[in-house]
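Novice: structure for this input, please:
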Amino acid sequence: MKNKEMSRMLKWVAMVVIGVGILCCIMNIAQFNDRNLGLMVGIGFLIGGSQIMLFGVIAPLMQRNQETSQASVTSEDLA
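Specialist: Next up, the predicted model:
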């Protein structure tokens, strides 16, 4: 149950970060160049939010895989 809560919280944080990134990009889209700090910060938030979302999806799957491998090792030890 704890994995689902962590995953849900990470997804919400990622959505908020992506929302802030979209807002920053929209507010600073007028000058589309690399010297526009607001636009670069917005793009950074978009990339960071997508990575947080990816981690929120993958982390519980990795923990579940680790738990099943540990369970199979203990069942082999008992046999």
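
Novice: what is the lowest-mean-pLDDT helix or strand in the chain packed up against?
Specialist: One helix or strand of the chain scores below all others by mean pLDDT, DSSP states H and E: helix 37-78, with a mean of 84. Here helix 37-78 touches helix 2-27, going by 3 or more Cβ pairs under 8 Å, 6 or more residues apart in numbering; DSSP states H and E. C-beta coordinates here come from the backbone N, C-alpha and C atoms, glycine included.

Novice: of all the residues in the helix it packs on, which ones are buried?
Specialist: Residues 7, 10, 14, 17, 18, 20, 21, 24, 25 are the ones in helix 2-27 that count as buried (16 or more other Cβ atoms under 10 Å).

Novice: distance to residue 54 and pLDDT for those - can I get that in a markdown table?
Specialist: Shown next, in a markdown table, are the buried residues of helix 2-27 (distance: Cβ to Cβ, whole Å; pLDDT from 0 to 100):
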| residue | distance to residue 54 | pLDDT |
| --- | --- | --- |
| 7 | 11 | 85 |
| 10 | 9 | 91 |
| 14 | 8 | 96 |
| 17 | 12 | 97 |
| 18 | 12 | 97 |
| 20 | 18 | 97 |
| 21 | 15 | 97 |
| 24 | 21 | 96 |
| 25 | 20 | 95 |
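
Novice: would TSV of these with distance to residue 62 be doable?
Specialist: TSV is the format used below for the buried residues of helix 2-27 (distance: Cβ to Cβ, whole Å):
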residue	distance to residue 62
7	11
10	13
14	17
17	22
18	23
20	27
21	26
24	31
25	31
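
Novice: out of those residues, which comes closest to residue 38?
Specialist: residue 24 (5.6 Å; Cβ to Cβ).

Novice: tell me the angle the least confident helix or strand of the chain makes with helix 2-27.
Specialist: 160 degrees (axes from the mean of the first three to the mean of the last three Cα atoms, to 10 degrees).

Novice: how much distance is there from helix 37-78 to the middle of the chain?
Specialist: Offset of helix 37-78 from its chain centre (Cα atoms, centre = their mean, to the nearest Å): 8 Å.
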